[in-house]
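Student: after the sequence you'll find the predicted model.
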Amino acid sequence: YESLAKAAEGLFKIGTALNERQLNSGENESLAITKEHFNAIVAENCMKSGRIQPVEGEFVWEHADRFVEFGEKHGMEINGHTLIWHSQAPKWFFVDEQGNDVSKEVLIERMETHINTLVGRYKGRVHTWDVVNETILDDGSWRNSKFYQILGEDFVKIAFELAHKADPEARLFYNDYSMAMPGKREGVVNMVKNLQKQGVKIDGIGMQGHVGLDYPSLEEFENSIKAFADLGVEVMITEMDVSALPNPSNHQGAEISDSIEYQQMLNPYTEGLPDSVQQRFNERYLDFFNLFLKYKDNISRVTFWGVTDRYSWKNNFPVRGRTDYPLLFDRDYQAKAVVSDIIELLGEH
Ligand code: G3I
């Protein structure tokens with residue numbers, strides 16, 4: 001096979017996130033790679049509530065329209081991200097004119113308008129929605145977001161029901177990070193079971209794949225795939241990238257955070273990845289793909305969080321201005337060696 005998507009045919013979809021920069025400037029290199037290697041796309045930013053409805057009642061469609069048109073033109077699965085998320089949500093969503101929290105009724109009304117308008121506009125065109133994003137914390141407890149403060153756990157059920165009503169054909173997902181952590185796994189399983197018990201339509205769980213060279217353990221990641229598959233829903237690997245840089249939270253560094261040594265420690269490979277790290281990076285991707293293949297009957301899509309290292313969010317997280325190497329294509333749009341390794345591995349199945 002010459003392409004990731006072709007090699008994965010019959011196994012799972014292979015997706016990538018696209019951002020405004022690529023779609024607007026017609027940033028041809030990234031789009032060419034997308035056409036060649038991917039058969040699913042997800043909106044990295046342009047469908048988030050703060051972007052699409054920055055002011056109440058004023059929807060900004062330009063970027064999302066372009067995103068959907070690109071996917072349609074190339075016959076891709078089009079994934080909407082994300083309807084209800086505490087982050088990147090506009091402030092007006094939660095407050096009245098005096099700046100106080102709105103009532104339950106008003107918040108539900110705003111959710112309804114937001115979801116109806118957005119899902120309704122792309123009805124039958126956007127095939128899946130991340131309905132709720134990142135509401136369970138790593139220890140399994142609920143995030144104390146505005147949605148939770150005002151509506152309690154019910155906001156998740158309300159969001160899924162509204163999305164289902166707005167497009168009965170769309171597949172609806174819950175999406176979250178650090179899913180390999182036992183506490184989070186249990187919290188998500190409990191939440192989804194609860195939704196299922198109440199008859200809410202939830203089609204799948206998205207496991208964000210923001211991983212490093214050494215975390216999380218494959219075993220714990222696998223335990224979560226199993227636990228989610230056991231719920232009878234689709235499992236998606238969403239937002240896959242493998243950071244090659246040290247994770248600052250693993251380092252005691254607060255007291256030396258301004259020192260040059262500390263900065264260099266966090267951004268060690270500005271001139272390119274050393275061979276040994278490059279090799280570890282390749283192995284890590286292959287380990288994950290072997291795992292995904294083991295669960296190919298449960299996993300419906302594997303999505304990368306971007307096309308090239310040049311535009312990865314990882315260059316600005318957890319600290320700004322790093323040179324990270326998390327994706328399959330380098331800063332010059334060249335396929336890394338791991339691409340042909342993955343293609344070969346997929347081709348054997
Ligand atoms: O486009 C503006 C630019 O005009 C402005 O000058 C610049 C100044 O900060 O900001 C630019 O916007 C940034 C945007 O990315 C585009 O690069 C935002 O500040 C920045 O907050 C935004 O970050 C995004 C982040 O979500 C927050 O929404 C990342 O691109 C995006 O990759 C990231 O994706 C999230 C998923 O949605 C959910 N899971 C975690 C994942 C990683 O954080």
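Tutor: That came in fine, so what should we check first?

Student: and the residue positioned nearest the centre of the chain, what does it touch?
Tutor: Most central in the chain under CA atoms, centre = their mean is Glu239, positioned 3.8 Å from the mean C-alpha point. Residues in contact with Glu239 (CB atoms under 8 Å, 6 or more residues apart in numbering) are 17, 175, 177, 206, 208-210, 303-305. C-beta here means a position set from N, CA and C on the backbone, and glycine is covered the same way.

Student: mind doing that once more with 7 Å?
Tutor: Applying CB atoms under 7 Å, 6 or more residues apart in numbering to Glu239 gives the contacts 208-210, 303, 305.

Student: three-state assignment of it?
Tutor: Judged by DSSP: H, G, I helix; E, B strand; the rest coil, the three-state class of Glu239 is strand.

Student: before we move on, back to that, select from the contacts of Glu239 the one having the most neighbours.
Tutor: Thr303 (26 neighbours; other CB atoms under 10 Å).

Student: how close does it get to the ligand?
Tutor: 11 Å (CB to the nearest ligand atom, to the nearest Å).

Student: same check on Asn223?
Tutor: Between Asn223 and the ligand the distance, using CB to the nearest ligand atom, works out to 21 Å.

Student: nearest spatial neighbour of that residue, skipping sequence neighbours?
Tutor: Arg185 (6.8 Å; CB to CB, 6 or more residues apart in numbering).

Student: list the buried ones in the helix or strand hosting the one you found?
Tutor: Applying DSSP states H and E as the criterion places Arg185 in helix 182-197. For helix 182-197, a neighbour-count test (16 or more other CB atoms under 10 Å) marks 184-185, 187-189, 191-192, 195 as buried.

Student: return the member of those residues nearest to the ligand.
Tutor: Lys184 (13.6 Å; CB to the nearest ligand atom).

Student: what's next to the helix holding Arg185, contact-wise?
Tutor: Contacts for helix 182-197 (CB under 7 Å, 6+ apart): 136, 138-141, 156-157, 160, 174, 176, 178-179, 202, 205, 220, 223-224, 227, 231, 233.

Student: drop anything exposed from those.
Tutor: 136, 140, 156-157, 160, 174, 176, 178-179, 202, 205, 224, 227, 231, 233.

Student: for Ala254, give me the pLDDT.
Tutor: For Ala254, the pLDDT comes out at 52.

Student: shaky segments in the stretch 151-300 of the chain?
Tutor: Applying pLDDT under 70 to the stretch 151-300 of the chain flags residues 250-257.

Student: the residue nearest to Cys46 when sequence neighbours are not counted: neighbour count?
Tutor: Spatial nearest neighbour of Cys46, excluding adjacent residues (CB to CB, 6+ apart): His63 at 3.7 Å. By other CB under 10 Å, 19 other residues sit near His63.

Student: residues in contact with Arg280?
Tutor: If you count contacts by CB under 7 Å, 6+ apart, then Arg280 has Leu213 around it.

Student: what about the residue in the chain that the ligand sits nearest to, how many neighbours?
Tutor: Nearest residue of the chain to the ligand, counting by CB to the nearest ligand atom: Trp313, 3.4 Å away. Close neighbours of Trp313, defined as other CB under 10 Å, add up to 17.

Student: give me the pLDDT value at it.
Tutor: The model's pLDDT for Trp313 equals 96.

Student: in three-state terms, label the residue of the chain most remote from its centre for me.
Tutor: Distance from the C-alpha centroid of the chain, by CA atoms, centre = their mean, peaks at Gln98 (34.8 Å). Here Gln98 is coil, with the state taken from three-state DSSP.

Student: and the gap between it and Gln149?
Tutor: The gap separating Gln98 from Gln149 is 17 Å, by CB to CB, to the nearest Å.

Student: can you check Trp92 too?
Tutor: Distance, Trp92 to Gln149, by CB to CB: 16 Å.

Student: give me the more crowded residue out of these two.
Tutor: Trp92 (16 against 12).

Student: ok but the more buried one is inside a strand, no?
Tutor: No - Trp92: not assigned to a strand; according to three-state DSSP it is helix.

Student: verify the stated contact: it with Pro54.
Tutor: No - between Trp92 and Pro54 there is no contact under CB atoms under 7 Å: 8.6 Å.

Student: list residues touching both of those two?
Tutor: Common neighbours of Trp92 and Pro54 (CB under 7 Å, 6+ apart) do not exist.

Student: now for the helix or strand where Gly120 lies, which elements pack on it?
Tutor: For Gly120, the host element (DSSP H and E) is helix 104-121. Applying 3 or more CB pairs under 7 Å, 6 or more residues apart in numbering; DSSP states H and E, one finds that helix 104-121 makes contact with strand 77-85, helix 146-151, helix 154-166.

Student: now find how far off-centre the longest one is within its chain.
Tutor: Averaging C-alpha positions (CA atoms, centre = their mean, to the nearest Å) puts helix 154-166 20 Å from its chain's average.

Student: for the first one, same thing?
Tutor: Per CA atoms, centre = their mean, the displacement of strand 77-85 from the mean C-alpha position of its chain is 9 Å.
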